[in-house]
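Student: I need the structure of the sequence given here:
(one chain, ligands or ions: 2)
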Amino acid sequence: MSNHPRPKFTFLGHATVRCDLPGGEVILIDPWLDNPSCPPSGKDLSRLDAILVTHGHSDHIADAAELAKRFGARVIANYEIITWLAAQGVKNGTGMNLGGSVEVLGLRVTMVRADHSSGLPDGGYGGIASGFVVAMPEGGFTFYHAGDTALFSDLQLIGELYRPELAFLPIGDVFTMDPEQAARAARFLGVRKVIPIHWGTFPALTGTPNEFARCLDQLGASCEMIALAPGECY
Ligand code: NI
Ligand code: MN
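Tutor: Ligands and ions are numbered 1, 2, ... in the order given. Purely as a prediction, here's the structure:
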């Protein structure tokens, strides 16, 4: 609907999403560039301005410390994760918690609920798992990255409050929602576009975009699924 400029999104496998803003800034969400699906081109970064980390699990926080230090990128995550990263020399962290919003690169980033855990790679306490709603300035394009989560009905509130146009939803099962739950999540959110993540990385993650499409169809959900292969852009 809106003519506001939009970011370009690149799926880098697993839950890793690269977001290129219209002004050229680069954001990585849940950076794990050594994931088995990440294409070589995805590891090729010439700039990185901000990193969002949804929770402390190694498949989401993997490269956050190294990349933050290499590029001086600002890191947004829960308070416990930022404290843990700071102890590794990450200087530009902003800690927050569920319900809060911060301004990053002119975007409004809101930390929202996820039903999941958040232990850190060294066994430390990583706070509470989260998702992020990211809004471009002046009522522009808004998207939601769910992180790892089960289905919960308060996704309706996220839809009502923030009106995201696009959602990145996990579909792999075992650690997160499966395709059937993710289809209900898309309906709760009322999004027009949905991009599946957290699938295909390992054999244990059995949910597929095809199955997700079938579930959306069965549910009569009106949103469009955009199945990005790792390395593809939207
Ligand atoms: Ni996880
Ligand atoms: Mn995960």
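
Student: can you list the residues of this protein near ligand 2?
Tutor: D59, D148 (C-beta under 5 Å from the ion). To be clear about C-beta, it is placed using only N, CA and C from the backbone, and glycine gets the same treatment.

Student: and the chain, which residues reach ligand 1?
Tutor: Residues of the chain lying near ligand 1 (C-beta under 5 Å from the ion): H57, D148.

Student: who's the most centrally placed residue in the chain bridged to?
Tutor: Residue closest to the average C-alpha location in the chain (C-alpha atoms, centre = their mean): H145, at 3.4 Å. Beta bridges link H145 to F132, F168 when assigned by DSSP bridges.

Student: so it touches P164, yeah?
Tutor: No: at 9.5 Å, H145 does not count as touching P164 under the criterion of C-beta atoms under 8 Å.

Student: what's the helix or strand that contains R70 in contact with?
Tutor: In this structure, R70 sits in helix 64-71 according to DSSP states H and E. Helix 64-71 has contacts (C-beta atoms under 8 Å, 6 or more residues apart in numbering) with 28, 31, 45, 47-49, 51, 53, 73-75, 77, 85, 88-90, 92-93.

Student: repeat that for stretch 220-232.
Tutor: Counting by C-beta under 8 Å, 6+ apart, residues outside stretch 220-232 touching it are 9-13, 37-39, 41-42, 183, 186-187, 191-196, 209-210, 212-213, 216, 234.

Student: which ChimeraX command selects the buried ones in these?
Tutor: Selection of buried members from the contacts of stretch 220-232 for ChimeraX, criterion 16 or more other C-beta atoms under 10 Å:
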select :9,10,11,12,13,37,38,39,42,183,186,187,191,193,194,195,196,209,212,213,216
